[in-house]
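**Student:** mind folding the following:
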Amino acid sequence: MGRDTEDTLAVVVYREEGIWQSGVLPERVADDLDGLVGVLRQQPAENGAIGLVNVADEFFVAVRVRGDDVRFLLSDVTAAVAWDLARQVVDRLGIQAPGDDDLEDVWPAGDLSIFADLGLDEMELGAVLADLDAYADEMLTAVAGRVGFAEVYDRAVEAAAH
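**Tutor:** Residues are numbered from 1 along each chain as shown. Prediction:
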């Protein structure tokens, strides 16, 4: 497995004084789950910080850190076969990575209720993740819109593109 940082974007989103804020995370955390969690812990967030990593539009990882509570969501568990970050999430979740015979079935892994307290319940998030025609960036945009931080998320993505 190689490094995931090429064509990868890591964004942090958090609320400060009731207002959503965002920023682009360092490239070095794009394929380092422990590094990502460490950076998220440093954010001045009221409800914890959310890290969203889009890996080459193939899949995404969402990490939510609130104190000692760290929650993970991997949009496609089959990504663990080819991508370092996905493998680290699967390992952290303590689940079996799919074998070569299981690559036809795409399914999410981790905490589908990761955004439930922010207005995006498991069923709605599951529907976003079930859209097999959607790229990871489209899924993340849908999540951002439903949770209410689309504007600041888009601003961070735009900043990273320049």
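
**Student:** give me the nearest residue to the most centrally placed residue in the chain, chain neighbours excluded.
**Tutor:** When the chain is reduced to its mean C-alpha position, the closest residue under CA atoms, centre = their mean turns out to be residue 62, at 2.2 Å. Leaving aside its chain neighbours, residue 62 sits nearest to residue 73 (4.2 Å; criterion: CB to CB, 6 or more residues apart in numbering). Quick note: C-beta positions are derived from backbone N, CA and C, even for glycine.

**Student:** residue 149 now?
**Tutor:** In space, not counting the residues next to it along the chain, residue 149 is nearest to residue 20; the distance is 4.2 Å by CB to CB, 6+ apart.

**Student:** for the one you found, list each beta-bridge partner.
**Tutor:** For residue 20, the beta-bridge assignment (DSSP bridges) gives partners residue 15.

**Student:** any idea how far residue 71 is from it?
**Tutor:** Residue 20 is 19 Å from residue 71, where distance means CB to CB, to the nearest Å.

**Student:** then residue 114?
**Tutor:** When distances are taken as CB to CB, residue 114 and residue 71 turn out to be 5 Å apart.

**Student:** which strands or helices does the strand or helix carrying residue 138 pack on?
**Tutor:** Using DSSP states H and E, residue 138 sits within helix 136-147. For helix 136-147, the elements it packs on are strand 49-55, strand 59-66, helix 122-129, helix 150-161, judged by 3 or more CB pairs under 8 Å, 6 or more residues apart in numbering; DSSP states H and E.

**Student:** okay if I get the ones you listed as CSV plus mean pLDDT and distance to residue 42?
**Tutor:** Compiled in CSV, those are given as follows (pLDDT from 0 to 100; distance: least, CB to CB, whole Å):
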stretch, mean pLDDT, distance to residue 42
strand 49-55, 97, 8
strand 59-66, 96, 9
helix 122-129, 96, 26
helix 150-161, 94, 16
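
**Student:** I'd like those as a markdown table, with distance to residue 143 appended.
**Tutor:** Conversion of these to a markdown table gives the following (distance: least, CB to CB, whole Å):
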| stretch | distance to residue 143 |
| --- | --- |
| strand 49-55 | 8 |
| strand 59-66 | 8 |
| helix 122-129 | 6 |
| helix 150-161 | 9 |
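
**Student:** quick one: which of the ones you listed is nearest residue 96?
**Tutor:** Distance to residue 96, taken as CB to CB, is lowest for strand 59-66 among the helices and strands packed on helix 136-147, at 17.3 Å.

**Student:** I appreciate the help and will end here.
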